[in-house]
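Asks: the sequence isn't on hand, but the structure is:
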Ligand SMILES: O=P(O)(O)OC[C@H]1O[C@H](OP(=O)(O)OP(=O)(O)O)[C@H](O)[C@@H]1O
Ligand code: HPA
Ligand SMILES: [Mg+2]
(Lines give C-alpha, C1' and ligand atoms only; values in the text may rest on other atoms or scores of the structure.)
(Ligands and ions follow the chains in the order given, each with its own letter.)
Protein backbone atom coordinates (compact mmCIF):
# COMPACT_ATOMS: atom_id res chain seq x y z
CA UNK A 1 0.00 0.00 0.00
CA UNK A 2 1.46 3.40 -0.98
CA UNK A 3 2.84 5.48 1.87
CA UNK A 4 0.57 8.47 1.18
CA UNK A 5 -2.49 6.32 1.81
CA UNK A 6 -1.41 5.91 5.48
CA UNK A 7 -1.89 9.64 6.07
CA UNK A 8 -5.10 11.05 7.50
CA UNK A 9 -4.20 14.69 7.01
CA UNK A 10 -1.29 16.82 5.88
CA UNK A 11 -0.35 19.66 8.27
CA UNK A 12 2.54 21.19 6.27
CA UNK A 13 3.05 20.58 2.56
CA UNK A 14 6.52 20.27 1.05
CA UNK A 15 6.11 23.78 -0.40
CA UNK A 16 5.13 25.31 2.95
CA UNK A 17 8.08 23.55 4.59
CA UNK A 18 10.56 24.88 2.08
CA UNK A 19 9.27 28.48 2.44
CA UNK A 20 9.57 28.27 6.23
CA UNK A 21 13.04 26.71 6.11
CA UNK A 22 14.23 29.57 3.88
CA UNK A 23 12.93 32.09 6.44
CA UNK A 24 14.62 30.28 9.33
CA UNK A 25 17.92 30.10 7.44
CA UNK A 26 17.68 33.84 6.69
CA UNK A 27 17.10 34.52 10.42
CA UNK A 28 20.13 32.43 11.36
CA UNK A 29 22.26 34.13 8.71
CA UNK A 30 21.25 37.60 9.88
CA UNK A 31 21.90 36.73 13.56
CA UNK A 32 25.45 35.58 12.80
CA UNK A 33 28.26 38.06 12.73
CA UNK A 34 30.45 37.57 9.63
CA UNK A 35 33.56 38.13 11.79
CA UNK A 36 32.85 35.64 14.59
CA UNK A 37 34.01 32.00 14.50
CA UNK A 38 31.81 29.63 12.49
CA UNK A 39 29.00 28.24 14.69
CA UNK A 40 28.42 24.51 14.86
CA UNK A 41 24.98 23.33 13.75
CA UNK A 42 24.33 20.10 15.61
CA UNK A 43 21.53 17.95 14.20
CA UNK A 44 19.77 15.68 16.66
CA UNK A 45 19.71 12.32 14.91
CA UNK A 46 17.77 10.72 13.62
CA UNK A 47 14.77 13.01 13.27
CA UNK A 48 16.58 16.25 12.35
CA UNK A 49 18.46 14.86 9.35
CA UNK A 50 16.09 16.19 6.66
CA UNK A 51 15.57 19.64 8.24
CA UNK A 52 19.31 20.01 8.91
CA UNK A 53 20.17 19.18 5.28
CA UNK A 54 17.64 21.73 3.98
CA UNK A 55 18.58 24.41 6.53
CA UNK A 56 22.37 24.37 6.13
CA UNK A 57 22.16 24.72 2.35
CA UNK A 58 20.35 28.05 2.77
CA UNK A 59 22.71 29.60 5.34
CA UNK A 60 24.95 32.11 3.63
CA UNK A 61 27.92 32.21 6.06
CA UNK A 62 30.58 29.68 7.13
CA UNK A 63 29.27 27.07 9.56
CA UNK A 64 30.28 23.59 10.75
CA UNK A 65 27.93 20.61 10.96
CA UNK A 66 27.86 17.71 13.39
CA UNK A 67 25.41 15.19 14.81
CA UNK A 68 24.39 13.99 18.21
CA UNK A 69 21.83 11.33 19.00
CA UNK A 70 19.37 11.08 21.85
CA UNK A 71 16.49 8.64 21.84
CA UNK A 72 13.46 8.67 24.07
CA UNK A 73 10.46 7.52 22.05
CA UNK A 74 11.45 4.07 20.77
CA UNK A 75 8.47 2.59 18.95
CA UNK A 76 5.80 4.55 20.85
CA UNK A 77 4.26 8.03 20.95
CA UNK A 78 5.19 8.97 24.55
CA UNK A 79 8.58 10.16 25.78
CA UNK A 80 10.29 8.03 28.42
CA UNK A 81 11.34 11.39 29.93
CA UNK A 82 14.94 10.20 30.04
CA UNK A 83 16.64 10.68 26.67
CA UNK A 84 19.54 8.27 26.14
CA UNK A 85 22.63 9.81 24.54
CA UNK A 86 23.71 7.19 22.01
CA UNK A 87 26.02 9.21 19.74
CA UNK A 88 28.24 12.08 20.79
CA UNK A 89 29.83 14.88 18.76
CA UNK A 90 32.83 14.41 16.50
CA UNK A 91 33.83 18.09 16.72
CA UNK A 92 35.30 19.95 19.69
CA UNK A 93 32.78 22.68 20.55
CA UNK A 94 34.88 24.36 23.23
CA UNK A 95 34.32 28.11 22.98
CA UNK A 96 31.97 27.70 20.01
CA UNK A 97 28.39 28.83 19.52
CA UNK A 98 26.24 25.75 18.99
CA UNK A 99 22.87 25.76 17.26
CA UNK A 100 21.01 22.60 18.16
CA UNK A 101 18.81 21.64 15.20
CA UNK A 102 15.68 19.66 16.01
CA UNK A 103 12.78 18.39 13.95
CA UNK A 104 10.42 18.85 16.91
CA UNK A 105 10.41 19.99 20.52
CA UNK A 106 7.62 18.09 22.28
CA UNK A 107 8.05 17.31 26.03
CA UNK A 108 11.30 19.33 25.92
CA UNK A 109 13.37 16.59 27.62
CA UNK A 110 15.63 15.96 24.61
CA UNK A 111 16.73 19.58 24.10
CA UNK A 112 16.95 20.24 27.84
CA UNK A 113 19.31 17.31 28.36
CA UNK A 114 21.35 18.09 25.23
CA UNK A 115 21.80 21.77 26.15
CA UNK A 116 23.25 20.68 29.51
CA UNK A 117 25.50 18.17 27.76
CA UNK A 118 26.80 20.74 25.23
CA UNK A 119 27.44 23.32 27.94
CA UNK A 120 29.45 20.73 29.89
CA UNK A 121 31.49 20.13 26.75
CA UNK A 122 32.46 23.82 26.78
CA UNK A 123 30.16 25.40 24.16
CA UNK A 124 30.16 29.16 24.74
CA UNK A 125 26.43 29.32 24.01
CA UNK A 126 23.72 26.98 22.82
CA UNK A 127 20.57 28.00 20.97
CA UNK A 128 17.87 25.80 19.50
CA UNK A 129 16.35 25.90 16.05
CA UNK A 130 13.40 23.50 15.89
CA UNK A 131 11.21 23.04 12.84
CA UNK A 132 8.16 22.28 15.01
CA UNK A 133 7.23 23.28 18.55
CA UNK A 134 4.45 21.36 20.35
CA UNK A 135 3.91 23.34 23.59
CA UNK A 136 0.81 21.34 24.65
CA UNK A 137 3.05 18.40 25.62
CA UNK A 138 5.82 20.33 27.37
CA UNK A 139 7.05 18.73 30.61
CA UNK A 140 10.44 20.41 30.86
CA UNK A 141 10.02 24.19 30.77
CA UNK A 142 11.82 25.45 27.76
CA UNK A 143 11.28 28.29 25.35
CA UNK A 144 12.17 27.40 21.79
CA UNK A 145 14.23 30.07 20.13
CA UNK A 146 13.99 30.20 16.36
CA UNK A 147 11.06 27.87 16.16
CA UNK A 148 9.64 27.03 12.78
CA UNK A 149 6.01 26.31 13.48
CA UNK A 150 3.49 25.83 16.23
CA UNK A 151 2.51 22.14 16.14
CA UNK A 152 -0.94 21.14 17.39
CA UNK A 153 -1.19 18.21 19.79
CA UNK A 154 -0.88 15.35 17.30
CA UNK A 155 1.87 12.76 16.98
CA UNK A 156 3.13 13.85 13.57
CA UNK A 157 5.20 12.02 10.98
CA UNK A 158 7.25 12.92 7.92
CA UNK A 159 10.03 15.40 7.12
CA UNK A 160 12.40 13.28 9.24
CA UNK A 161 9.89 12.35 11.94
CA UNK A 162 8.91 8.75 12.49
CA UNK A 163 6.42 6.49 14.08
CA UNK A 164 8.26 3.27 15.02
CA UNK A 165 11.09 4.24 12.62
CA UNK A 166 8.82 4.50 9.56
CA UNK A 167 7.56 7.58 7.62
CA UNK A 168 10.71 9.73 7.94
CA UNK A 169 10.95 9.90 4.14
CA UNK A 170 7.60 11.64 3.62
CA UNK A 171 8.36 15.07 2.11
CA UNK A 172 5.50 16.66 4.11
CA UNK A 173 4.35 16.57 7.76
CA UNK A 174 1.11 14.79 8.53
CA UNK A 175 -0.91 12.67 10.90
CA UNK A 176 -1.39 8.93 10.41
CA UNK A 177 -4.74 7.22 10.11
CA UNK A 178 -5.52 5.71 13.55
CA UNK A 179 -5.07 2.12 12.32
CA UNK A 180 -1.38 2.82 11.58
CA UNK A 181 -0.54 3.99 15.14
CA UNK A 182 -0.34 0.45 16.47
O1 LIG B 1 10.78 17.09 23.22
P2 LIG B 1 10.85 15.60 23.32
O3 LIG B 1 9.64 15.02 23.99
O4 LIG B 1 12.10 15.11 23.96
O5 LIG B 1 10.73 15.00 21.84
C6 LIG B 1 11.48 15.46 20.76
C7 LIG B 1 12.50 14.44 20.31
O8 LIG B 1 11.86 13.20 20.03
C9 LIG B 1 12.21 12.76 18.73
O10 LIG B 1 13.34 11.96 18.79
P11 LIG B 1 13.31 10.42 19.21
O12 LIG B 1 13.73 10.29 20.62
O13 LIG B 1 11.99 9.83 18.83
O14 LIG B 1 14.45 9.82 18.29
P15 LIG B 1 14.52 9.93 16.69
O16 LIG B 1 14.97 11.33 16.39
O17 LIG B 1 15.54 8.91 16.32
O18 LIG B 1 13.17 9.66 16.14
C19 LIG B 1 12.49 14.03 17.98
O20 LIG B 1 13.33 13.77 16.88
C21 LIG B 1 13.16 14.91 19.01
O22 LIG B 1 14.54 14.68 19.08
O1 HPA C 1 4.97 14.23 17.17
C2 HPA C 1 6.03 13.57 17.06
N3 HPA C 1 6.29 12.80 15.96
C4 HPA C 1 7.43 12.08 15.80
N5 HPA C 1 8.39 12.04 16.70
C6 HPA C 1 8.20 12.76 17.81
N7 HPA C 1 9.01 12.91 18.86
C8 HPA C 1 8.41 13.73 19.71
N9 HPA C 1 7.20 14.13 19.23
C10 HPA C 1 7.05 13.54 18.03
MG1 LIG D 1 11.25 9.63 16.85
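Replies: Yep, that arrived. What you are looking at is a predicted structure, and each value in this text was computed from that prediction instead of being measured. Ligands and ions are numbered 1, 2, ... in the order given.

Asks: can you tell me the element the residue nearest the centre of the chain falls in?
Replies: Among the residues of the chain, the one closest to the centroid is residue 102, at 1.4 Å (Cα atoms, centre = their mean). Using DSSP states H and E, the element containing residue 102 is strand 97-105.

Asks: one more: residue 16?
Replies: Take DSSP H and E as the rule and residue 16 turns out to sit in helix 14-31.

Asks: who are the packing partners of the lowest-mean-pLDDT helix or strand in the chain?
Replies: Within the chain, no helix or strand scores below strand 147-150, which has a mean of 78 by mean pLDDT, DSSP states H and E. If you count contacts as 3 or more Cβ pairs under 8 Å, 6 or more residues apart in numbering; DSSP states H and E, strand 147-150 packs onto helix 14-31, strand 125-133. Where you see a C-beta, it was placed from the backbone N, CA and C, and this is true even at glycine.

Asks: before we move on, the earlier item: need the residues that contact the following helix or strand past the helix holding residue 16.
Replies: Downstream of helix 14-31, the first helix or strand assigned by DSSP H and E is strand 40-45. Residues from elsewhere that reach strand 40-45 (Cβ atoms under 8 Å, 6 or more residues apart in numbering): 49, 51-52, 55-56, 59, 63-70, 87, 89, 91, 93, 96-103, 110-111, 114, 118, 123, 129.
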